[in-house]
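Participant: predicted model and sequence follow; I will ask about them next.
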Amino acid sequence: MSPTDFSFEPAYIVVAVVAAAAYAWAARGDRPSRLRVASFATGAFLVAAALNSPLETIAAKRLLLVHLLQNALVADIAPALVLLGLTPAMKTWLTRHGASRIRARWAILAWLAAWYGTHLAGFYNWALDTGWALNIEHGLLIAGGLLFWWPLVSGRLSAPPALAYLGAGFVASSFLGLAFIFSSHPFYSFYEHAPRLWGFSAIRDQNLGGIAMNGEQTLVFLVAIGWYVSRLLAEESAQER
Amino acid sequence: MLPVALAVVAALLFAQGMVRLRQRGRADIAGWDRAALFGLGLAVTVVALVGPLDRLAETKYLSVHMLQHVLIGDLAPALMVVAVRGPLLVFLLPAQVLAPLARSARLRAVLSTALQPRIAFGLWAANLAIWHVPYLYDLALRHDSVHYFEHACWVVTGLIVWTLLVDPGSHRRLTVGGRIALAAAMFAAGQVLTDVLVFSFHPLYPAYPGRTDQQLAGIAMMAEQIVTLGTLAFVLLRPRMRAARLVHA
């Protein structure tokens, strides 16, 4: 199979379409701004496109680097964008229908469990060998991402606890990327035997994957931390007035 | 031996300030916990600059050199500034020395400029960036005088930013949010350097050819910042988190 061929995880096309339909239906009574629509659409598109394109072919057949980048997209960026696209009324509806039970301390643990659990060698190799189990891996990562971002996006956390939450998430999740960066032997037998691409050895592929993962997380978390620091400053200046 | 001599002078100044405050019956603000913190800060500086750590830093490992820099430019200043917060700060210098210094308009102007948050951060970030330019890094390794100057820059810029972060004299140059913002900006700037060191596949400094060593140097920087700035952020945010929890309840 050529690396430029398309591969599909059709379940996530269905998920993206159903989510978009639900969003359009909810938007009838509560019109979202263009920015929110763009955010939601980009998040849904990232999930569908990352898992149904040549990216999926390279990730599932050739390079760990691309697979880790794909995971970072669907676990970190896409869920945040989807949730940022919700209007206050949509968030209230979700809160009334079970989301109020999501506590920050459990959400972060669930996210970390999904993040580390799906990257365990046994699970990762099994998902790659079977192919269909990649759906489970990506489902867990998306669900973990949605859980992680919900306490922030829902407004449950004010700026100080949100900063602590983001700081804890950044530190706790960074060890996986660092393990990939500093490893001197391949973690996943699947990629050891996979046909190489772009001249990367299995170990260079893994090191680069860690770099991509850490770089993406650093960027996402610093942006989020910056946002909450600016909110903290705004709250203080409002109190002073 | 210059670091040891300076550490002895600093220890003597701290001791006389502590004794004077205790003689006035203010042991509550000049307790042994402060002495322990200040002593720890001095010990960190001396251990980093004298002995095996310094030899390893200069001759073998970039990661140890980075550790040395963050110890003298971050952890040690943080510990010492925390130790002297409150009246101890004023008592640190004998009255005969403090009075003429306090009257010096030029010194006051320099200090008040350096302690403006944007200037302080700019100085700190410039110090971080400039001394990691490979040419200057190499120059400092080849010339002792440049190396001493480099270390002095780390200590001074560290003391300036930690004075703003801890606010030992209660000058309130920054609000709590402002201090968190400064800490976040320092972490973000440090992260840029960390990423350059960790994500680079070629050694950047001729004196240190190891790639893993270079990546470890980046991690040393990140880990130390997480510990120092993370602790500060936790201490600053904790009362607000409690308040937020009470409001929520």
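Facilitator: Received it, and whenever you're ready, just let me know what you need.
Participant: any idea how far the helix or strand bottoming out on mean pLDDT in chain A is from the middle of the chain?
Facilitator: Least confident helix or strand, chain A: helix A:54-61 with a mean of 86, by mean pLDDT, DSSP states H and E. Remark: helix A:54-61 is offset 17 Å from the chain centroid, using Cα atoms, centre = their mean, to the nearest Å.
Participant: show me what it is in contact with.
Facilitator: A:1-9, A:49-50, A:66-67, A:69-70, A:128, A:131, A:134, A:194-195, A:197 (Cβ atoms under 8 Å, 6 or more residues apart in numbering or on different chains). (Each C-beta comes from the backbone N, C-alpha and C, glycine too.)
Participant: buried sites along that helix?
Facilitator: Neighbour counts using 16 or more other Cβ atoms under 10 Å in any protein chain shown place A:Leu55, A:Glu56, A:Thr57, A:Ile58, A:Ala59, A:Ala60, A:Lys61 of helix A:54-61 among the buried residues.
Participant: if I look at B:Leu128, how far off is chain A?
Facilitator: B:Leu128 sits 16 Å away from chain A, going by Cβ to the nearest Cβ, to the nearest Å.
Participant: give me the number of residues near that residue?
Facilitator: Counted with other Cβ atoms under 10 Å in any protein chain shown, residues neighbouring B:Leu128 total 21.
Participant: residue closest to the middle of chain A?
Facilitator: Centroid check for chain A by Cα atoms, centre = their mean gives A:Ala75 as the closest residue, at 1.5 Å.
Participant: surely B:Asn169 and B:Leu89 touch.
Facilitator: Just to correct that, residue B:169 is Gly rather than Asn. Yes - between B:Gly169 and B:Leu89 there is a contact at 5.2 Å, judged by Cβ atoms under 8 Å.
Participant: of the contacts of helix A:54-61, which belong to helices?
Facilitator: A:Ala49, A:Ala50, A:Val66, A:His67, A:Leu69, A:Gln70, A:Leu128, A:Leu134 (DSSP state H).
Participant: with the residues you listed in mind, which one is nearest to A:Ala179?
Facilitator: Using Cβ to Cβ, A:His67 is the member of the ones in helices among the contacts of helix A:54-61 that lies nearest A:Ala179, at 15.2 Å.
Participant: wait, what's in contact with that closest one?
Facilitator: Counting by Cβ under 8 Å, 6+ apart, A:His67 has contacts A:Ala59, A:Ala60, A:Gly209.
Participant: then A:Ala11?
Facilitator: Applying Cβ under 8 Å, 6+ apart, the residues contacting A:Ala11 are A:Asn135, A:Gly139.
Participant: which other helices and strands contact the lengthiest helix in chain B?
Facilitator: Assignment by DSSP H gives helix B:211-248 as the longest helix of chain B. If contacts are counted by 3 or more Cβ pairs under 8 Å, 6 or more residues apart in numbering or on different chains; DSSP states H and E, helix B:211-248 sits against helix A:159-182, helix B:62-70, helix B:176-199.
Participant: quick one: the ones you listed as JSON lines, columns for mean neighbour count, mean pLDDT and distance to B:Gln225 too.
Facilitator: Shown next, in JSON lines, are those (neighbours: other Cβ atoms under 10 Å in any protein chain shown; pLDDT from 0 to 100; distance: least, Cβ to Cβ, whole Å):
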{"stretch": "helix A:159-182", "mean neighbour count": "20", "mean pLDDT": "92", "distance to B:Gln225": "11"}
{"stretch": "helix B:62-70", "mean neighbour count": "24", "mean pLDDT": "94", "distance to B:Gln225": "7"}
{"stretch": "helix B:176-199", "mean neighbour count": "20", "mean pLDDT": "92", "distance to B:Gln225": "5"}
